[in-house]
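Asks: Task: produce atomic coordinates for the following.
(one chain, ligands or ions: 1)
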Amino acid sequence: MKQIAIYGASGHGKVVADIARLNGYDDILFIDDGIATYLSFERFVQQQLDIPVALGVGNAQVRARLYRRCREHGLSIETLVHPSAVLADGVIVGEGTVVMANSVVNSDTDIGKCCILNTSCVIEHDNSIGDFVHIAPQVACAGGVKIGDYSHIGIGSCIIQGITVGSHTVIGAGSVVVKNIENHILAYGNPCKPIKELTS
Ligand SMILES: CC(=O)SCCNC(=O)CCNC(=O)[C@H](O)C(C)(C)COP(=O)(O)OP(=O)(O)OC[C@H]1O[C@@H](n2cnc3c(N)ncnc32)[C@H](O)[C@@H]1OP(=O)(O)O
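Replies: You can find the predicted model right below:
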């Protein structure tokens, strides 16, 4: 039996579990501190199971907190790639990142740690994606795009070549990003424009 724990038993956690199964993990347990039917993190640590943990939480701040907690306890954090995803030559995928079904990441792109590359996203060549970033389903990033840590690129958005999206920034669903967007900004629309500053 190949065991893994998924930290977070929400909808996102279920999809992560499915990818784990497709990577040969046939014994999956969920850790969740908010739902009594699942193992709490504290109880998981007490059991000293010595199995890897994958992060199953969509919110970037929470995911970062859970990542640090796991690292503090010396747990190994699994990186999961769906078998249908295509990762080109020279792609680096950081620890704890989950790459979902039908995603394509092209040459020489760096993906940070604990990112979510959600279903059917396309990250073209020479992108630089920071840590704890969520690229939602069907996002397309053209060549040479940079995205800072903790940012969320909303479902169905596209970003043209050479654009920089700052850190802690949220790009709303269906946006067309044709100009750089600063750190800590909520932006959306076609063309995508800053709407307001974000404090977290
Ligand atoms: C597998 C998964 O599910 S992964 C998750 C995928 N989901 C996403 O990526 C969602 C991304 N989130 C969004 O697009 C959200 O709408 C946000 C973050 C941009 C804004 O959310 P909120 O701050 O709650 O905005 P709210 O819903 O109150 O809307 C405020 C106004 O902005 C407009 N608005 C909200 N989002 C958008 C958007 N993406 N594009 C254009 N206008 C928008 C609304 O129509 C509303 O306009 P109004 O005041 O004229 O009525």
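Asks: rest of the way, CA atoms for contacts and neighbours
Replies: Will do.
Asks: what's Cys115 in contact with, if anything?
Replies: Taking C-alpha atoms under 8 Å, 6 or more residues apart in numbering as the definition of contact, the neighbours of Cys115 are 94, 96-98, 130-135.
Asks: And for Thr109?
Replies: Listed by C-alpha under 8 Å, 6+ apart, the contact partners of Thr109 are 90-92, 123-129.
Asks: try it again with 10 Å
Replies: In this structure, Thr109 makes contact with 87-93, 123-129, 143-146, judged by C-alpha atoms under 10 Å, 6 or more residues apart in numbering.
Asks: one step back: return the subset of the contacts of Cys115 lying in strands.
Replies: Assignment to strands by DSSP state E places the following of the contacts of Cys115 there: 98, 134-135.
Asks: Any part of stretch 128-145 near the ligand?
Replies: Yes. With C-alpha under 6 Å from any ligand atom as the measure, stretch 128-145 is seen reaching the ligand through Ala136.
Asks: and that stretch, how far out from the chain's middle?
Replies: Relative to its chain's centre, stretch 128-145 lies at 9 Å (C-alpha atoms, centre = their mean, to the nearest Å).
Asks: i'd like the first residue to be 371 from this point on
Replies: In the new count, where the first residue is 371, that last one comes out as stretch 498-515.
Asks: Can you report phi and psi for the residue nearest the centre of the chain?
Replies: Among the residues of the chain, Ile486 comes closest to the average C-alpha position under C-alpha atoms, centre = their mean, at 1.6 Å. Backbone dihedrals for Ile486, given as degrees, to the nearest 10, come out at phi -120, psi 120.
Asks: still on that earlier bit, buried among the contacts of Thr479? Need that as a selection in ChimeraX.
Replies: Filtering those down to the buried ones (16 or more other C-alpha atoms under 10 Å) takes a single ChimeraX command:
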select :457,461,462,463,493,494,495,496,497,498,499,513,514,515,516
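Asks: rewinding a little: looking at it, the residue nearest to the centre of the chain is touching Val427, isn't it?
Replies: Yes. Ile486 is in contact with Val427 according to C-alpha atoms under 10 Å; the separation is 9.5 Å.
Asks: Remind me what the host helix or strand of Val415 packs against, helices and strands.
Replies: Counting by DSSP states H and E, the element that carries Val415 is helix 411-416. If you count contacts as 3 or more C-alpha pairs under 10 Å, 6 or more residues apart in numbering; DSSP states H and E, helix 411-416 packs onto strand 397-401, helix 430-442.
Asks: ok, back up a step: for the residue nearest to the centre of the chain, which non-adjacent residue is spatially closest?
Replies: Once its chain neighbours are removed from consideration, Ile486 has its nearest residue in His504; the separation is 4.7 Å (C-alpha to C-alpha, 6 or more residues apart in numbering).
Asks: so how many other residues sit close to that neighbour?
Replies: Counted with other C-alpha atoms under 10 Å, the burial measure for His504 works out to 27 neighbours.
Asks: who touches Leu436 in this structure?
Replies: Applying C-alpha under 10 Å, 6+ apart to Leu436 gives the contacts 377-378, 411, 425-427, 430, 442.
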